[in-house]
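Peer 1: Just need the structure, nothing else, for what follows:
(chains A, B, C and D, ligands or ions: 4)
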There are 2 protein chains.
Amino acid sequence: MEQIKKLLDSKQIRPTVQRMKILKCLSEKKGHLTVDTIYEIIRKEIPTMSKTTVYNTLSSMAEVGIVVPIVITGKEARYELNTVQHHHFFCERCAKVIDIEVQCDHFCKGEINGHKINELHGYFKGVCKNCLTPEKGRKL
Amino acid sequence: MEQIKKLLDSKQIRPTVQRMKILKCLSEKKGHLTVDTIYEIIRKEIPTMSKTTVYNTLSSMAEVGIVVPIVITGKEARYELNTVQHHHFFCERCAKVIDIEVQCDHFCKGEINGHKINELHGYFKGVCKNCLTPEKGRKL
DNA sequence: TTATAATTTGTAAGCAATACAACATTGTAA
DNA sequence: TTACAATGTTGTATTGCTTACAAATTATAA
Ligand SMILES: [Mn+2]
Ligand SMILES: [Mn+2]
Ligand SMILES: [Zn+2]
Ligand SMILES: [Zn+2]
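Peer 2: Ligands and ions are numbered 1, 2, ... in the order given. Predicted coordinates for the structure are as follows:
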């Protein structure tokens, strides 16, 4: 919580209640949250919370690199705190997003075929371990 | 053109005029086309063409693996013919999508951390070679 | 040809995301 | 403290991509 405030200070973003809550969500729930999920969680504590604020906050946070948007399905964006580079696994059955630690050579380069790289995104689609197990799976 | 018909036959999809045109678009323009782009191109020849048909066709083609949807921006999907595995580079300045040949170890595996892999997607975001060159760039 | 199935079309509806202006809060300077 | 500007939040309207659905058209089979 104090961490979050420091994070915002470092980027010269005023730590408002709404912004803090949004980041707290991402840090506690360990990311990959949709805007609506964040909105619904916070609304329980702050009934006046506006979804627009969630959108605005995440946009500005993404611009300064505090959070990163994850676009996989094309339906809705997800967000997570910007930590170390990693890939994602999207389960086509339960729609869960799972972190995949993977060292990709192209990370460091910063350039490929003459094109300047700012971001790198990698993700797999398939069926997650949990959904593969007959006893435990069949969540959907 | 005859190639395309064979492709559809192999998947037992009837090669209608609309379906052929859509695939011809993707093969001639070398992919990465939005639904709307395809729709506008074909509409010049077939004024009655429906955008719904473009959506329906691309969806069913994607299901059988003839085309693959490319989701990068979260705004609109793009499509390309399913060829060899490759990554993409998205230029944040001119919005162009460029093929990147890259051999990723995780292709073949078919599995990672116990999760079954069906698809792999990788893309870079940044500024393309063309937009980097001052004389030639500044397209936007 | 006639019946039946598959495909296409046009419109309505869904829904994430953005635009925008009113309202509220905070910071700054008298 | 008060006044005022700057910043942040909220609610609603609007946009734009995508899907749902039923009518119309076309292809296939009898
Ligand atoms: Mn992650
Ligand atoms: Mn490509
Ligand atoms: Zn799963
Ligand atoms: Zn470019």
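Peer 1: in chain A, which spans are strands?
Peer 2: A:33-34, A:67-70, A:78-81, A:87-91, A:97-100, A:111-112, A:115-127 (DSSP state E).
Peer 1: and chain A, what are its domains?
Peer 2: Using automatic domain parsing, the domain parsing of chain A gives A:2-80, A:87-135.
Peer 1: which stretch in the ones you listed is the model least sure about?
Peer 2: Note on these: domain A:87-135 shows the lowest mean pLDDT, a mean of 88.
Peer 1: can you put the domains of chain A in CSV and add mean neighbour count and distance to ligand 3?
Peer 2: For the C-beta atoms, the positions are set from N, CA and C on the backbone; glycine is no exception. Shown next, in CSV, are the domains of chain A (neighbours: other Cβ atoms under 10 Å in any protein chain shown; distance: least, Cβ to the ion, whole Å):
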stretch, mean neighbour count, distance to ligand 3
domain A:2-80, 16, 13
domain A:87-135, 16, 3
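Peer 1: so which of these comes closest to ligand 4?
Peer 2: domain A:87-135 (8.0 Å; Cβ to the ion).
Peer 1: can you tell me the residue of chain A closest to ligand 2?
Peer 2: residue A:113 (13.4 Å).
Peer 1: Out of the domains of chain A, which is closest to residue B:73?
Peer 2: Nearest of the domains of chain A to residue B:73, taken as Cβ to Cβ: domain A:2-80 at 7.0 Å.
Peer 1: List the contacts of residue A:35.
Peer 2: For residue A:35, the contacting residues are A:51, A:54-55, A:58, A:76-77, A:79, by Cβ atoms under 8 Å, 6 or more residues apart in numbering or on different chains.
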